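Engineer: With the input below, show me the fold.
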Amino acid sequence: MGAVDTEAVTDQASDFDDALRARLTDAVDVARTAVEEFASDGVGEHLDAIVEAPFTTTHRFVSELPGYRGWHWACVLALVPGGEVTIDEISLLPGEGAVVAPEWVPWEKRIRPGDLGAGDLLPPSDDDERLVPGQLLGGDEELDELAAPVGLGRPRHLSREGRSAAAERWAAERGPGSEIARGAKEPCGTCGFLVPIAGSLGAMFGICANEFSADGQVVHLQYGCGAHSEVQLKTDTTDRTAEAYDDSAVDVVVLPQQLAASAARRDPEDRDGPGE
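Structural biologist: Modelled structure (predicted):
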């Protein structure tokens with residue numbers, strides 16, 4: 001491609017004078033007729049005219065098509081010195097608040113955990129960074145030493161990136177930051193129900209074997225729950241033994257008022273005492 005003559009472009013733009021601008025801006029009827037012929041229906045009021053490039057102007061009309069609320073018709077008119085107004089382009093475009101289709105996502109990236117069912121096939125891509133060829137070391141010394149003599153014969157195995165991605169998922173779901181772990185008294189690393197796993201991931205994770213908790217799930221060693229093997233309920237040491245009560249024994253209590261009443265009923269002689 002040859003170099004652009006900027007001076008020529010500047011001179012050409014200078015020819016786009018106010019007279020040409022006015023002719024393009026005033027050509028609302030020309031734009032409406034073109035849009036109505038193209039759309040046949042759903043063309044509303046004129047919104048505005050916008051100059052986006054020399055010798056062109058875009059006229060916008062409200063779209064009244066069912067299901068296209070917030071959209072508008074755009075008709076680009078062109079005009080050169082000595083010429084007539086011509087139709088350059090017509091399109092239906094979304095505006096602010098318009099309902100548009102979501103960004104297209106390739107089908108292989110739409111899969112979510114739990115989507116895979118019986119009979120479904122989900123082959124990894126040829127450049128899946130989670131896997132490395134079987135003849136290469138995976139970066140986990142313990143597993144690499146185990147796989148070689150045993151001869152597992154796997155064409156591919158986990159890469160360092162694959163292990164890191166798995167660790168992030170497992171820690172996010174059953175890691176020390178989860179709500180249940182924050183409320184636990186003891187971590188999974190000290191629980192008798194934890195089944196260790198081999199390899200570098202075993203330094204952070206294990207498998208829960210408690211059927212009443214995360215049975216069969218990978219858990220972080222700092223994860224925890226209320227079903228820890230060493231959990232104990234607090235016992236109340238307060239002596240709640242009731243005292244024996246003998247209802248056959250009756251204690252007689254004489255009140256002062258009763259003594260005064262008894263004295264008032266006695267004989268005056270008794271009240272005067274002897275020798276009176």
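
Engineer: for the closest residue to Gly42 other than its chain neighbours, what are its contacts?
Structural biologist: Spatial nearest neighbour of Gly42, chain neighbours left out: Leu65 (3.6 Å); criterion: C-beta to C-beta, 6 or more residues apart in numbering. Where you see a C-beta, it was placed from the backbone N, CA and C, and this is true even at glycine. Applying C-beta atoms under 8 Å, 6 or more residues apart in numbering to Leu65 gives the contacts 39, 41-42, 71, 92.

Engineer: quick one: which of the residues you listed is nearest Glu84?
Structural biologist: Ala39 (22.9 Å; C-beta to C-beta).

Engineer: give me the number of residues near the closest one?
Structural biologist: By the criterion of other C-beta atoms under 10 Å, Ala39 has 16 neighbours.

Engineer: The one 10 residues further on too?
Structural biologist: Residues lying near Ala49 (other C-beta under 10 Å) number 18.

Engineer: Likewise for His59?
Structural biologist: For His59, the number of neighbouring residues by other C-beta under 10 Å comes to 25.

Engineer: Does Leu92 have any beta-bridge partners, and if so which?
Structural biologist: Trp73 (DSSP bridges).

Engineer: pretty sure it contacts Tyr68?
Structural biologist: Yes. Leu92 is within contact range of Tyr68, at 7.0 Å (criterion: C-beta atoms under 8 Å).

Engineer: for Val30, phi and psi?
Structural biologist: In terms of degrees, to the nearest 10, the main-chain angles of Val30 are phi -60, psi -40.

Engineer: Contacts only, for it.
Structural biologist: 77, 85, 87.

Engineer: on that earlier part again, so which of the contacts of Leu65 belong to helices?
Structural biologist: Assigned to helices by DSSP state H, the following of the contacts of Leu65 qualify: Ala39.

Engineer: could the contacts of Leu65 go into CSV alongside distance to His228 and pLDDT?
Structural biologist: Conversion of the contacts of Leu65 to CSV gives the following (distance: C-beta to C-beta, whole Å; pLDDT from 0 to 100):
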residue, distance to His228, pLDDT
Ala39, 69, 90
Asp41, 70, 88
Gly42, 66, 92
Trp71, 59, 95
Leu92, 63, 95
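
Engineer: so Thr25, which of the three states?
Structural biologist: helix (DSSP: H, G, I helix; E, B strand; the rest coil).

Engineer: Then Ala31?
Structural biologist: Going by three-state DSSP: Ala31 is helix.

Engineer: Need the residue closest to the centroid of this structure.
Structural biologist: Ala172 (11.8 Å; C-alpha atoms, centre = their mean).

Engineer: Which helix or which strand is home to it?
Structural biologist: helix 160-173 (DSSP states H and E).

Engineer: what does that helix contact?
Structural biologist: By C-beta under 8 Å, 6+ apart, helix 160-173 touches 129-131, 138-140, 158, 177, 200-201, 204-205, 218-220.
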